[in-house]
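Asks: Pasted the sequence and its predicted model underneath.
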Amino acid sequence: MSLSGAKQRLMTEMKALRKEKWINFEDNEASDLMRWRFALMVINSDSAFNGAYFKAEMTFSNEYPYQPPKFRFLIPITHPNIYADGQLCISILHKPGDDEMSGEDASERWSPLQGAESVLRSVLLLLDSPEINSPANVDAGVMYRDRRAEYNKKAQETVERSKKDIPAGFVMPRSFEPAPPPKPENDDDFWAASDEEFDFGGSDTGEDEDMGDFEDEGEGSEDEAEYDD
């Protein structure tokens, strides 16, 4: 794909991502399309990093989307899969194809069907659920496995440091979903509806006669059952 083709696709992807609550581009839309600067927000009450505002960057080559982008956090984070320089050990950022050395399947690695949003969502999932079998930070992996309370405390310390990067006037979202509309105080209009509006198509005509016939048939059946005995 040509450079202009890569930029065209990235322009479309960035436009869609600017509408998401969990990512914040602090710059204007005329920024460098081949190098994104933004913040990822962790909005998950079950996450050790809940409430974080993590500044990060992604860089793209003119071979995108046939080759994966590069990603790194711009704040130190103690996490089993994050290197000291902020880069990640994550399959989706590895070049396409099988790799016998790593044991990763091609389906786990980058493909042109992926995109920037796929990467960023995978990063957020990784923050919540580390992969400790092949850690980039061995000490963090051991801490996560054996001393979870200490790991969670360190994570929250990182969260508090990250909040210093929140721009003035920016309101951190608390949920991915919009707030539900307020419930009406009363339903007077509903109960004021006429009986005709609640006619479900049934008819009262012949109802008593039909029930009488049904009861007669039922009694006859019981009598017959007694004679059969």
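Replies: It's in. Source: prediction; values computed, not measured.

Asks: ok, Ala84 - contacts?
Replies: Residues near Ala84 by C-beta atoms under 8 Å, 6 or more residues apart in numbering: 76, 137. C-betas here are computed from N, CA, C, even on glycine.

Asks: And Leu74, how close does it get to Arg37?
Replies: 8 Å (C-beta to C-beta, to the nearest Å).

Asks: which residues do those two both contact?
Replies: Common neighbours of Leu74 and Arg37, using C-beta under 8 Å, 6+ apart, are 55-57.

Asks: Top of those by number of neighbours, please.
Replies: Of all these, the highest neighbour tally under other C-beta atoms under 10 Å goes to Ala56, namely 20 neighbours.

Asks: residue ranges of the strands in this protein, please?
Replies: Using DSSP state E, the strands found in the chain span residues 23-24, 35-41, 53-59, 70-73.

Asks: Switch the ones you listed over to a markdown table; also include mean pLDDT and distance to Pro167.
Replies: Formatted as a markdown table, these follow (pLDDT from 0 to 100; distance: least, C-beta to C-beta, whole Å):
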| stretch | mean pLDDT | distance to Pro167 |
| --- | --- | --- |
| strand 23-24 | 96 | 8 |
| strand 35-41 | 96 | 9 |
| strand 53-59 | 97 | 9 |
| strand 70-73 | 97 | 18 |
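
Asks: Dump the ones you listed to JSON lines, plus distance to Leu113.
Replies: Formatted as JSON lines, those follow (distance: least, C-beta to C-beta, whole Å):
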{"stretch": "strand 23-24", "distance to Leu113": "21"}
{"stretch": "strand 35-41", "distance to Leu113": "20"}
{"stretch": "strand 53-59", "distance to Leu113": "18"}
{"stretch": "strand 70-73", "distance to Leu113": "18"}
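
Asks: what residues are up against the nearest residue to Cys89 once chain neighbours are set aside?
Replies: Counting by C-beta to C-beta, 6 or more residues apart in numbering, Ala136 is the residue found nearest to Cys89 once chain neighbours are left out, at 3.9 Å. For Ala136, the contacting residues are 80-83, 87-89, by C-beta under 8 Å, 6+ apart.

Asks: And Trp36, by the same measure?
Replies: 14, 25, 57-60, 116.

Asks: Could you do Ser61 as well?
Replies: Ser61 makes contact with 6, 34, 67, 69, according to C-beta under 8 Å, 6+ apart.

Asks: Show me which of those residues is closest to Asp128.
Replies: Within these, proximity to Asp128 (C-beta to C-beta) peaks at Pro69, which comes in at 21.3 Å.

Asks: need the contact list for that closest one.
Replies: 58-61, 93, 116, 119.

Asks: swap in Leu126?
Replies: So Leu126 contacts 79, 81, 88, 90 (C-beta under 8 Å, 6+ apart).
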